[in-house]
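In: sequence and predicted structure, then a few things I'm wondering about:
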Amino acid sequence: MFYTVTLNPCFDRTVRLSGPLTPGTLHRLAAHAAVTPGGKGVNVSRALTALGAENIALAAVGGERGVAYLDALRAEGIKAEALPSSGVRENISVLGADGTQTELNEPGFPAPDAEAAAEAYLKANLKRGDTVILSGSLPPECDAGVYARLTEAAHAAEANVVVDASGDALIAALDAGADLIKPNTDEFRALCREKLPTAILPGDACTDAARRCLALSDAAEEYVGVYGGTILVTDGAYGAVYADTDAVVYSPAEPVETPRALKGAGDTYLAAFLWATLARRMPVFEAMRAATSAAAALVACGTLPEKDALLALYECEKQEQ
């Protein structure tokens, strides 16, 4: 059983332009705006649901927009429970015809009672071997130790904990013994500045996939060698690197010529990876390839593949390799 916790959820509004984004000018949209309930943990739940994995999304929402948020999730078939909050923010993604994305994110709403509610829910429902995914930014006035405390609560129930966060919240969760962390390259670079200053990571200007792969693999191996644990670093269009105390694995990305959606690709990758490793018992490299197929399908089509479609994509890819 999977549980996702999203303390700073949002409505994601995505607009697609017929040309590039040019500030100060009028733009015609290529289609009507798409509005979906989002937030990193909820995106993970959406992908897990599409893959047939039993899960419950815990989201901090409130007010009339909170009711609409939960209704929209349940209409998608996503099981969801509310954590107390004072509202729901809206984030806007502007997708240019050239595939570039500009994001405009509202500030979140305070949710001072959400942590206690999440901890109480997990304590009442977690069973040994369940997996808790703590994902996304924190709401205003929430201290950085919240994911660490929820990690400890989940571990008390002998559940696994996955953390997809950044900054002090990620560091605190690591110190509390999170079982798997999933930073992107920027987040991993910031983490290494704090915890592993000797690591050399690729800069934004580096577009050579092989060089990025080697640099990320070396840094991930060094990090795990010092701190232990397991890390999965996603590097966008360049692929992903997994490292634990036994192995370092790199998996390239699948090229997508015309992206239709970028929001949630990393969350979809994480969900598919967890489904493949924990539910399907795939080896790590095969799980990474399945996750790559899921994320690429989202980016290319704008929608998530269901389990059978994902397995078909994955099998086709295996035959082509």
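Out: Yep, that arrived. The model shown is predicted, which means the values in this text are computed figures rather than measured ones.
In: gap between the nearest residue to residue 76 once chain neighbours are set aside and residue 249?
Out: Leaving aside its sequence neighbours, residue 76 sits nearest to residue 46 (Cβ to Cβ, 6 or more residues apart in numbering; 6.7 Å). All C-beta atoms are positioned from the backbone trio N, CA, C, and that covers glycine. Residue 46 is 26 Å from residue 249, where distance means Cβ to Cβ, to the nearest Å.
In: show me which of the two is the more surrounded one.
Out: Neighbours were tallied for residue 46 and for residue 249 using other Cβ atoms under 10 Å; the higher tally belongs to residue 46 (26 against 17).
In: confirm that that one sits in a helix.
Out: Yes: the assignment for residue 46 (DSSP: H, G, I helix; E, B strand; the rest coil) places it in a helix.
In: could you double-check that it sits in contact with residue 77?
Out: No: between residue 46 and residue 77 there is no contact, the gap being 9.3 Å when judged by Cβ atoms under 8 Å.
In: spatially central residue for the chain, please.
Out: Geometric centre of the chain, nearest residue: residue 267, 2.8 Å, by Cα atoms, centre = their mean.
In: mind listing the strands for the stretch 151-300 of the chain?
Out: Under the criterion DSSP state E, counting those that start in this stretch, the stretch 151-300 of the chain contains strands at 160-164, 180-181, 230-234, 240-243, 248-251.
In: and residue 117, which of those is closest to it?
Out: Across the strands of the stretch 151-300 of the chain, the minimum distance to residue 117, taken as Cβ to Cβ, is reached by strand 160-164, at 17.8 Å.
In: now for the closest one, which elements pack on it?
Out: strand 131-135, helix 146-156, helix 167-175, strand 180-181, helix 265-274 (3 or more Cβ pairs under 8 Å, 6 or more residues apart in numbering; DSSP states H and E).
In: shaky segments in the chain?
Out: Scanning the chain for pLDDT under 70 picks out 257-262, 305-321.
In: in it, which spans are helices?
Out: Counting by DSSP state H, the segments of the chain that form helices are 40-50, 63-75, 114-125, 146-156, 167-175, 185-195, 209-227, 265-274, 284-301, 307-320.
In: so which bits of the second one are buried?
Out: Burial within helix 63-75, assessed by neighbour count using 16 or more other Cβ atoms under 10 Å, is assigned to 65, 66, 69, 70, 73.
In: and what of the fourth one?
Out: With burial defined by 16+ other Cβ under 10 Å, the residues of helix 146-156 counted as buried are 146, 147, 148, 149, 150, 151, 153, 154, 155.
In: report the two of these separated the most.
Out: 146 and 155 (15.0 Å).
In: if we can go back for a sec, same list, the buried residues of helix 63-75, but as a markdown table with distance to residue 26 please.
Out: Supplementary listing: the buried residues of helix 63-75 in a markdown table, determined by distance: Cβ to Cβ, whole Å:
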| residue | distance to residue 26 |
| --- | --- |
| 65 | 29 |
| 66 | 34 |
| 69 | 31 |
| 70 | 36 |
| 73 | 34 |
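In: give me the distance between residue 67 and residue 245.
Out: Counting by Cβ to Cβ, the separation of residue 67 from residue 245 is 46 Å.
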